[in-house]
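A.B. asks: Here is a sequence with its predicted model. Questions after.
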Amino acid sequence: MVEKEILLDGLKELSLDKDSQAVLWTDGSKDEIHSFDEAICYVFDDSALDYYMEKNKLEEFFPKEVCLKFKKLDKQIKKIDTVDKYPIEIINDPEMEKIRELSAQILELLATSN
């Protein structure tokens, strides 16, 4: 079962504007770990989304349009090089704008599909 609450938390973080991500990923609370990698883990690993993507079973949980957006988001995320990068470098990566956009679109589609 896809853990939708965890998934939504990760998508919300990925859809934040640059300034909000900078605050969260560089100046965030010391009690919580927030980062690009953590948001990705929420969306794909912790929610079990990647498991169902690999098994081609996403459509058991989401409309086809949402499934296609998840696949695009996955491809887009793979374009971000996080090795030896500071959070602000990731935030300012031009590819992040597409990730923000796709995450926001998925959130909107999920809100209207329920």
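C.D. replies: Cool, got the structure.

A.B. asks: chain center to the helix-or-strand element of the chain with minimal mean pLDDT, what's the gap?
C.D. replies: Using mean pLDDT, DSSP states H and E, the weakest-scoring helix or strand in the chain turns out to be helix 18-26, at a mean of 91. Relative to its chain's centre, helix 18-26 lies at 15 Å (C-alpha atoms, centre = their mean, to the nearest Å).

A.B. asks: what do you get for stretch 20-27?
C.D. replies: Mean-position distance between stretch 20-27 and its chain equals 15 Å (C-alpha atoms, centre = their mean).

A.B. asks: Low-confidence bits of this protein, can you list those?
C.D. replies: Within the chain, the stretches with pLDDT under 70 are 28-33, 114.

A.B. asks: Let me know how buried Ser113 is, in neighbour terms.
C.D. replies: Per other C-beta atoms under 10 Å, the neighbour tally for Ser113 reads 10. Placement of C-beta: from N, CA and C, glycine included.

A.B. asks: How about Phe36?
C.D. replies: As a burial measure, Phe36 scores 21 neighbours (other C-beta under 10 Å).

A.B. asks: which residues sit against whichever helix or strand comes after the least confident helix or strand of the chain?
C.D. replies: Next helix or strand after helix 18-26 toward the C-terminus (DSSP states H and E): helix 36-40. Residues outside helix 36-40 that contact it (C-beta atoms under 8 Å, 6 or more residues apart in numbering): 10, 13-14, 25, 77, 80, 82, 87, 90-91.
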